[in-house]
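Q: Have a look at this prediction, sequence included:
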Amino acid sequence: SVDSDSTVTEVDVSLRELHTKKIFTASDTIQIFRKPHKVILKQSSKQFVPGHPYRCWLQFTDPFGGPPKTLPQQVTLNVSYEGNGKLPKINELHLTPNSDGIVPLILSIPEKASHAELVVRGEGIDEQFFLHSGPLQAPGFFQASLLTDKPAIGYPVSVQVQSSNALDFVVYQVVVQKRILQVKRIDASGDKTVTFNVEVTPEMIPTSKITVFSVRDGKIMSDSVDVEVDQLKNSLKM
């Protein structure tokens, strides 16, 4: 069988014993990957807000999605935007992954952009990703973004909340499989941007959700981010 990234080959082996003349047979399948690395786009939030910077990460793994044994020396990233009006031309960047195989990105999203296309090429890599803007409805936007690239047990993750309106407070919940682990209220003091930390606990393995709420003019605003815990980077605090 064949897919876009790999092919599966069936192998049959027969062994004949010299003394007994018995024949033993076995078969197995071998997956052969066409690309040396798998590329994952990790988003800080589900959608971007036009006219505001957007944070995301490119993560390079081995073909199975595990830690890479080798990393590309350099890849090329082309970023283009679609939307209404005149938009910037394709922006080309030359990037080098860090030792964890991660490239952090902060995209300057144009005000009239509705979609973004990211194309990654280099050293056998040719991947395409798409980003989309969220619906901008009155009284404005309210968006939560995850600022930590590799959440791990015993380490805090940073979450940033941005709003088009001044915030008096935000409340966050840490939810795992519909069970609430933590709830906390944070004073925003009229700011439009609030950043806070949440320590990752073993209960948050493998994934959890941080949901953020606030109230403006009697209306509840909410957003959430998904936290995927890196189980390979754990610590024991004494």
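A: Perfect, I can see it now. Residues are numbered from 1 along each chain as shown.
Q: Surely residue 110 is within a helix?
A: No: under DSSP: H, G, I helix; E, B strand; the rest coil, residue 110 falls outside any helix and is assigned coil.
Q: Was I right to think it contacts residue 52?
A: No: between residue 110 and residue 52 there is no contact under Cβ atoms under 8 Å: 10.3 Å. All C-beta atoms are positioned from the backbone trio N, CA, C, and that covers glycine.
Q: tell me the contacts of the residue minimising distance to the centre of the chain?
A: Centroid-nearest residue in the chain: residue 42, 1.6 Å away (criterion: Cα atoms, centre = their mean). The contact partners of residue 42, taken as Cβ atoms under 8 Å, 6 or more residues apart in numbering, are 56-59, 149, 228.
Q: my guess is residue 144 contacts residue 47, does it?
A: No: Residue 144 is beyond contact range of residue 47, at 11.0 Å (criterion: Cβ under 8 Å).
Q: I believe the residue nearest to the centre of the chain is in a strand; please confirm or correct that.
A: Yes: in this structure, residue 42 lies within a strand as judged by three-state DSSP.
Q: Okay, domains of this structure per the record?
A: Residue ranges for each domain of the chain read 35-135, 137-238, as given by automatic domain parsing.
Q: Now render those as a markdown table, adding mean pLDDT and distance to residue 28.
A: Output for the domains of the chain, formatted as a markdown table (pLDDT from 0 to 100; distance: least, Cβ to Cβ, whole Å):
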| stretch | mean pLDDT | distance to residue 28 |
| --- | --- | --- |
| domain 35-135 | 89 | 17 |
| domain 137-238 | 88 | 28 |
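Q: Export those domains as TSV, with columns for distance to residue 23.
A: Below are these laid out as TSV (distance: least, Cβ to Cβ, whole Å):
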stretch	distance to residue 23
domain 35-135	34
domain 137-238	44
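Q: And those: which comes nearest residue 19?
A: domain 35-135 (41.3 Å; Cβ to Cβ).
Q: Now do the same contact list for the residue nearest to residue 146 when sequence neighbours are not counted.
A: Leaving aside its sequence neighbours, residue 146 sits nearest to residue 225 (Cβ to Cβ, 6 or more residues apart in numbering; 4.3 Å). By Cβ under 8 Å, 6+ apart, the contact list for residue 225 reads 44-45, 144-146, 159, 209-210.
Q: buried sites along the host helix or strand of residue 225?
A: With secondary structure defined by DSSP states H and E, residue 225 is part of strand 219-228. Buried positions in strand 219-228, judged by neighbour count with 16 or more other Cβ atoms under 10 Å: 221, 223-225, 227.
Q: how near is residue 104 to residue 173?
A: 27 Å (Cβ to Cβ, to the nearest Å).
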